[in-house]
Structure formats: C-alpha cells, structure tokens
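K.L.:
Structure of the sequence below:
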Amino acid sequence: MRKLVYYVAVSIDGFIAGPSGEFDFYPEAPDMVEYLRAEFPETMPSHIRPAIGLADTPNKRFDTVLMGLNSYRPGLEVGLTSPYAHLKQYVVSSSLPEIDDPAVTLVRSDPAALVRSLKEQPGEGDLWLCGGGLLAGALMPEIDELVLKRYPVVAGGGVPAFAGGFRPRPFAPVEMLTFSHGGTVTTYRPVG
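P.N.:
Below is the predicted model:
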C-alpha cells in the first residue's frame, strides 16, 4: 500500500509560509539543495526542472501530489495550471471555481476519502502532501510519514505546518540529516 508523506519546508517555529504565503525567506545551503534535488527530484516544479538539470530525471519517491489552494495558487497566479506535470495532481479546494487543465483534478470535499482511495490504487510511488497547513491538519490521521526540511530561521508568524483542532499524534524520528547552514531534513513516522 502506498504512503501519504507530508514533505514540506518549515521554519524553526513551525511555519511553512509567511502570512501572505511567502516562502522565499528560507536560507539555502548548497549541500542541502543538492541533497533535495538528488533525493526528491519530482518535488521540483515542471517548469524549472530543465533549468536545474532535472528535465529527464525520473520520479524517485512520489507519483502523486496533493495540494491545498494556497499551495496551488503561486503557480496559478503566473499562468501555471499544471505545476507538477510529471505527477498525478490533485488540488483540494471548496472555493476554487474550476481548474482549466485536464492534468489536475479538483477535489471539493473529503480529502481523507481521496487519500484512502489513492493509497489502495496501484502506483509507482507514494503520495506527496505538498501543503498547506489546513490540508495537512485535515489529513493528519492519514499521514504515514513526515519529511520536514527545517530551515534555521524563525518566521514569527504565518501559515503553520498543521492547522485545525488540537489533536496530538505522536511521531518518532527515524532519520535526521544536518546541512552546512544548520538546516535539517528529518523523517518521522507515527508511533503506535
């Protein structure tokens, strides 16, 4: 059975974006960038893959991406209706009027039922929960793994990694890598 993996960048204080959706405040380190490109090439948007030498790189981990409206919106605002054309794409939104792209499926409600269905379908990779915090909060019971790219910066406010009600769920770290600027990539799995 395929897994739902929440693979996301996060600040030290737990924010995945600033108050207006900013994500350009994360400091980069060449060794972390190279690791992410090598281990998660399919998480790079389709339109930039050729420019960074990943045009013909096969998907390594994921074959499907799930996005909330705010994760989908940056591409949409610049005319990109299919930001991850090399993956099966789902956008979960009750307010987006429509998506004018047959490569992207709009899901209006019950993302948990969608995820349970996708997990049971055959595929060549896991399901990538790209964000955002509201969708991650709604899908918390379905998350099989967290891969947090924690950057050495305090955001002070913005979009939390998980939004919604108070529902503690324990996870245990299974791997942590540290990079030259102090950032980490930590993999967690549910406990129990």
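K.L.:
can you give me the helices for this structure?
P.N.:
Remark: helices assigned in the chain by DSSP state H are 30-39, 69-77, 111-120, 133-138.
K.L.:
Return the helix or strand in the chain with minimum mean pLDDT.
P.N.:
When each helix and strand of the chain is scored by mean pLDDT, DSSP states H and E, helix 69-77 comes last, with a mean of 92.
K.L.:
May I have it exported as CSV, CA atoms only?
P.N.:
Only the C-alpha atoms of helix 69-77 are listed here, as CSV (Å, rounded to 0.1, in the frame of the first residue of the first chain):
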residue,chain,number,x,y,z
LEU,A,69,-5.4,26.0,-2.7
ASN,A,70,-2.7,28.1,-1.2
SER,A,71,0.0,25.7,-2.3
TYR,A,72,-1.5,25.6,-5.8
ARG,A,73,-2.1,29.4,-6.1
PRO,A,74,1.5,30.6,-6.7
GLY,A,75,1.7,28.7,-10.0
LEU,A,76,-1.8,29.6,-10.9
GLU,A,77,-1.0,33.4,-10.4
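K.L.:
Please tell me how far the most centrally placed residue in the chain sits from residue 89.
P.N.:
Most central in the chain under C-alpha atoms, centre = their mean is residue 130, positioned 1.9 Å from the mean C-alpha point. The spacing between residue 130 and residue 89, counted by C-beta to C-beta, to the nearest Å, is 9 Å. In short, each C-beta sits where N, CA and C put it, glycine included.
K.L.:
Look up the residues that both of those two are in contact with.
P.N.:
By the contact definition C-beta atoms under 8 Å, 6 or more residues apart in numbering, residue 130 and residue 89 are jointly contacted by 65, 67.
K.L.:
circling back: what about the helices of the chain, which gets the closest to residue 56?
P.N.:
Of all the helices of the chain, helix 30-39 sits nearest to residue 56, with 13.7 Å by C-beta to C-beta.
K.L.:
In the least confident helix or strand of the chain, which residues are buried?
P.N.:
For helix 69-77, burial by neighbour count (16 or more other C-beta atoms under 10 Å) applies to 69-72, 75-76.
K.L.:
what's it in contact with?
P.N.:
Residues outside helix 69-77 that contact it (C-beta under 8 Å, 6+ apart): 17, 21, 45, 81, 83, 91-93, 95-96, 130-132, 134-135, 159.
K.L.:
same question, stretch 182-192
P.N.:
So stretch 182-192 is contacted by 27, 29, 32, 35-36, 143-152, 169-179 (C-beta under 8 Å, 6+ apart).
K.L.:
go on, stretch 21-29?
P.N.:
9, 11, 16-18, 70, 73-74, 151-153, 155, 158-159, 179-181, 183.
K.L.:
which one among the contacts of helix 69-77 gets closest to residue 103?
P.N.:
Checking the contacts of helix 69-77 one by one against residue 103 (C-beta to C-beta), the nearest turns out to be residue 81, at 7.9 Å.
K.L.:
State the distance from the residue nearest to that closest one when sequence neighbours are not counted to residue 79.
P.N.:
Residue nearest to residue 81 in three dimensions, not counting chain neighbours: residue 101, with 3.8 Å by C-beta to C-beta, 6 or more residues apart in numbering. Noted for residue 101: a distance of 11 Å to residue 79, by C-beta to C-beta.
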